[in-house]
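J.: quick one: sequence and predicted model below, then my questions.
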Amino acid sequence: MPGGKLDFGETPAKGAVREVKEETGYDVEIRDLLGIYFKNFRGKKVTVMRIVFTTSIIRGELKFPKDELLDARWFTPSEILAMKDSQLRGVRGAIEDFINNEHYPLGIIKNTE
């Protein structure tokens, strides 16, 4: 699942569009908010927050930065759920919500500047 840190002043949706482009080569349009998920990495004493959106591909083809990623490919939701938790890096909840068609309108995210 593409992801990364937000740039200063960047909204979560704009950051998601940028990260998808950088990591997959696809231009996407944000559809909905799937959810906000937290994962504790105890060994590193770090908590990661993932803001996950559903998207539609507008254009592009799959290509990824080989200096950052080993591989990029498509999986069905059931293939993902069959993976070990250690392979999923904390995205199981998002996949389950996607399968269950749980999502929220983008309007619930407010810009508080």
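T.: Sure, I can see it.
J.: which strands and helices sit next to the longest helix along the chain?
T.: Longest helix of the chain, by residue count under DSSP state H: helix 12-24. Judged by 3 or more Cβ pairs under 8 Å, 6 or more residues apart in numbering; DSSP states H and E, the packing partners of helix 12-24 are strand 26-41, strand 46-60. All C-beta spots, glycine's among them, are computed from the backbone N, C-alpha and C.
J.: for Ala13, see how far away Gly107 is.
T.: Per Cβ to Cβ, to the nearest Å, Gly107 is found 11 Å from Ala13.
J.: pick out whichever of the two has more residues nearby.
T.: Ala13 (16 against 7; other Cβ atoms under 10 Å).
J.: hmm, Phe53 and the more buried one touching each other?
T.: Yes: using Cβ atoms under 8 Å, Ala13 is in contact with Phe53, at 6.6 Å.
J.: give me the common contacts of the two.
T.: 30, 106 (Cβ atoms under 8 Å, 6 or more residues apart in numbering).
J.: just the CA trace of the helix-or-strand element of the chain with minimal mean pLDDT, in CSV.
T.: Least confident helix or strand, the chain: helix 85-88 with a mean of 80, by mean pLDDT, DSSP states H and E. Extracted as CSV, the C-alpha positions of helix 85-88 are listed here (Å, rounded to 0.1, in the frame of the first residue of the first chain):
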residue,chain,number,x,y,z
ASP,A,85,0.5,-10.0,9.8
SER,A,86,4.2,-9.4,9.5
GLN,A,87,3.8,-9.0,5.7
LEU,A,88,1.0,-6.5,6.1
